[in-house]
Every structure is written in C-alpha cells, then in structure tokens.
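Asker: Structure for this input, please:
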Amino acid sequence: MRRRGERGTATAELAVLAPFALVLVVLLLWVASLGLTQVRLVDAAREGARLVARGEPEADAVEAVRRLAPAGSTVDVAEGADGTVAVTVRVRARAPLGFASTVGSVGLDASAVAAVEAP
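Answerer: Numbering: from 1, shown residues only. As a prediction, this is how the structure comes out:
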C-alpha cells in the first residue's frame with residue numbers, strides 16, 4: 001500500500017530522467033553513424049588504391065573514391081618508391097543537434113595500400 005506522500009513521484013522521476021535518456025540515445029546513434037562512416041571510408045580508400053594500382057588515371061580513381069566516400073571527404077593519393085600506391089580518405093563528422101559546442105567534430109580517416117600492377 002502506498003503512502004499519500006508518494007503520489008506523483010513516478011511522473012516526477014520520469015520528467016527528470018527522460019531528457020538524459022534522450023541525450024544518451026542520440027549519442028549512441030551518433031556513435032553508430034561514426035562506425036558506418038568509417039566503413040564507407042575504408043571501402044572508398046580500398047577502391048581508390050585498387051584502381052590506381054591497376055593503372056587507371058588518378059583523376060578517375062579520385063572521382064570513384066568521392067562517389068563512395070561521405071560528402072566533404074578529402075582524398076590523397078601517394079605513390080611509394082617500392083612500387084605501391086597509398087590512398088587516404090579523410091572526413092570531419094560533426095556532432096548531432098546542439099552537441100557541437102561540447103563535442104565538436106570528430107576526424108575520421110582510412111588508408112589503403114596496393115602494389116602497382118605491371119602493365
């Protein structure tokens with residue numbers, strides 16, 4: 001049996017905890033989206049390295065990487081002296097909603113190296 005003084009405490013507790021739960025859910029979704037962004041970066045870097053290693057023009061490879069990578073990504077292609085090519089893709093992922101002032105943005109990058117194929 002409940003006492004009279006406890007009426008409405010569940011509502012008050014919910015009103016206090018609901019905003020914290022919402023913030024937690026938004027942050028968890030953002031972390032999940034960061035993981036998906038990282039996967040896209042890795043795929044784009046691998047594709048770019050593969051294309052350049054096969055002898056495709058660098059401009060075509062960079063264009064293919066930009067199609068696969070998230071918007072706002074930068075692409076760097078570097079040829080090594082040991083017969084390899086490295087492609088690095090970078091992007092800044094901003095925090096959702098109003099968290100940008102506290103969290104800011106997170107820099108993500110991925111690199112792939114491939115051996116240059118003989119013509």
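
Asker: So E56, which state does it fall into?
Answerer: coil (DSSP: H, G, I helix; E, B strand; the rest coil).

Asker: Could I get the full set of strands for this structure?
Answerer: 74-79, 84-94, 105-115 (DSSP state E).

Asker: Specify the stretch among those that is closest to L41.
Answerer: Judged by C-beta to C-beta, the one of the strands of the chain that comes nearest to L41 is strand 105-115, at 3.8 Å. Where C-beta positions appear, they are placed from N, C-alpha and C, glycine not excepted.

Asker: Which residues does that closest one contact?
Answerer: Strand 105-115 is contacted from outside by 34, 37-38, 41-42, 44-46, 48-50, 52-53, 80, 83-95, using C-beta atoms under 8 Å, 6 or more residues apart in numbering.

Asker: By mean pLDDT, flag the weakest helix or strand of this structure.
Answerer: Of the helices and strands making up the chain, the lowest-confidence element is helix 9-53, at a mean of 90, by mean pLDDT, DSSP states H and E.

Asker: Let me know the angle separating that helix from strand 84-94.
Answerer: 160 degrees (axes from the mean of the first three to the mean of the last three C-alpha atoms, to 10 degrees).

Asker: the inter-axis angle of helix 9-53 versus strand 74-79?
Answerer: Using the same axes, to 10 degrees: helix 9-53 against strand 74-79 is 30 degrees.

Asker: residue closest to the middle of the chain?
Answerer: The geometric centre of the chain, computed from its C-alpha atoms, lies nearest to T37 (C-alpha atoms, centre = their mean), at 2.9 Å.

Asker: In this structure that one contacts R90, no?
Answerer: No. If you go by C-beta atoms under 8 Å, T37 and R90 don't touch, sitting 11.2 Å apart.

Asker: Mind pulling up the pLDDT for E56?
Answerer: Per-residue pLDDT puts E56 at 94.

Asker: Now do it: how many residues are near it, please.
Answerer: 13 (other C-beta atoms under 10 Å).
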